[in-house]
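1. Let me see the structure of the following:
(one chain, ligands or ions: 2)
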Amino acid sequence: MITTMKEILEMAEKGGFAVSAFNTSNIELTRAIIDAAIETETPVIIATSEKAIDYAGIDCLSKVVHSFGEKAPIPVALHLDHGKSLESVVRAIRYGWTSVMIDASDRPFEENVEITRKVVQIAHAVGVTVEAELGRLKGIEDYVSVDEREAFLTDPDDAKRFVEETGVDALAVAIGTSHGAYKFKGEPKLDLKRLEEIRDRVNVPLVLHGASGVPGELVDGINELGGDIKGARGVPDDELREAVKRGIRKVNADTDLRLAFTYAVRRFLKENPAVFDPRKILSSAMDEIKRVAIHRIKVLRPDLE
Ligand code: TD3
Ligand code: ZN
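-> Ligands and ions are numbered 1, 2, ... in the order given. Okay, here's the model as predicted:
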């Protein structure tokens, strides 16, 4: 069934686990994600970026997710990922999104508060959940100095003030992750101490962006099959488990599903040179996406592992 992210996050809080938010932009990703959630009997958040909405068309993408989500025997939320403006958020709400992120994390604190507060007022009036972000997502090794690192990672006292002043339902924090397939050059590590300090001050569910694991077998498989994504590295499963222990309740992944798709398509085409039926090619991709999503869902649920 389709529900709000707030309801799903409450289930995660009660169960002491984190819910996955997986990004979609088409039928195949949506089906594979929802199948993974059904098989593990776990609620799931289907996230769409503004680019995904532009790619698929807002009406089409909404209908695809609602069509599969409504039939599913588990709670499914349709969430706008990294909404950059009030217009984009309101448009998503109008088309059936049950949850929105307003990401003004690149603006000064007071401006971030101001726009987030506005979004909360509008979204809450129609029962839509709001996520906002404080801090900047940048690989921990990409900060040129300790000062810069301190300036960009989420400050625990600011986080407290931000949540109090905006009334957001969930807060995305910067603790050393970054978007994409190249997250760490050296040892992959999160600032878990900072996460604990934020957790102690903030009473809404915390969200981890840029959390793809970038599984070695997918990266190696793609490279062996003619791809070129050398040096790709993500967040290890154990770091995610530690983050869940410290209060992360929503974990975003997009890159892992893209890697799964690419690996499966490369492998299928190599193994089946005579096949040219898109349904067969995409079915192999769905199987691999589902497998990767199930692994992630289980990592975030200590009670299932
Ligand atoms: O918001 N997202 C998904 C969109 C980012 C583009 O990849 C995330 O935080 C997940 O990031 P990733 O790259 O680790 O999957
Ligand atoms: Zn993100």
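
2. Please export the alpha-carbon coordinates of the longest strand anywhere in the chain; CSV is fine.
-> The residue-count maximum for a strand in the chain (DSSP state E) belongs to strand 76-83. C-alpha atoms of strand 76-83 as CSV (Å, rounded to 0.1, in the frame of the first residue of the first chain):
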residue,chain,number,x,y,z
VAL,A,76,5.6,2.0,0.1
ALA,A,77,6.2,5.8,0.2
LEU,A,78,6.9,7.9,-2.9
HIS,A,79,9.5,10.4,-2.0
LEU,A,80,11.0,13.4,-3.8
ASP,A,81,14.8,13.2,-3.4
HIS,A,82,16.8,16.5,-3.2
GLY,A,83,14.0,18.9,-4.1
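
3. need the strands for this structure, in chain order.
-> For the chain, applying DSSP E gives strands covering 19-23, 44-49, 76-83, 99-102, 129-134, 170-173, 206-208, 248-253.

4. what's the spatially most central residue of the chain in contact with, if anything?
-> Centroid-nearest residue in the chain: Asn252, 1.8 Å away (criterion: C-alpha atoms, centre = their mean). Asn252 is in contact with 20-23, 47, 81, 207-211, counting by C-beta atoms under 8 Å, 6 or more residues apart in numbering. (Each C-beta comes from the backbone N, C-alpha and C, glycine too.)

5. What residues does the stretch 51-200 of the chain have near ligand 1?
-> Residues of the stretch 51-200 of the chain lying close to ligand 1 by C-beta under 6 Å from any ligand atom are 81-82, 179-180.

6. Mark which of these are buried, thanks.
-> Neighbour counting with 16 or more other C-beta atoms under 10 Å marks 81-82, 179 as buried within these.

7. rewinding a little: can I get the strands of the chain in CSV with distance to Pro156 and mean pLDDT?
-> Shown next, in CSV, are the strands of the chain (distance: least, C-beta to C-beta, whole Å; pLDDT from 0 to 100):
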stretch, distance to Pro156, mean pLDDT
strand 19-23, 23, 98
strand 44-49, 25, 98
strand 76-83, 23, 98
strand 99-102, 21, 98
strand 129-134, 10, 98
strand 170-173, 9, 98
strand 206-208, 11, 98
strand 248-253, 15, 98
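
8. For the lengthiest helix in the chain, could you pull out the residues that count as buried?
-> Counting by DSSP state H, the longest helix found in the chain is helix 278-299. For helix 278-299, the neighbour count (16+ other C-beta under 10 Å) marks 281-282, 284-286, 288-290, 292-299 as buried.

9. Low-confidence stretches in the chain?
-> Within the chain, the stretches with pLDDT under 70 are 139-144, 305.

10. Please repeat the previous calculation with a cut-off of 90.
-> 136-151, 185-187, 303-305 (pLDDT under 90).

11. which non-adjacent residue is nearest Ser49?
-> Spatial nearest neighbour of Ser49, excluding adjacent residues (C-beta to C-beta, 6 or more residues apart in numbering): Asp81 at 4.8 Å.

12. hang on, I meant Gly247
-> Nearest to Gly247 is Arg199, by C-beta to C-beta, 6+ apart, at 4.0 Å.
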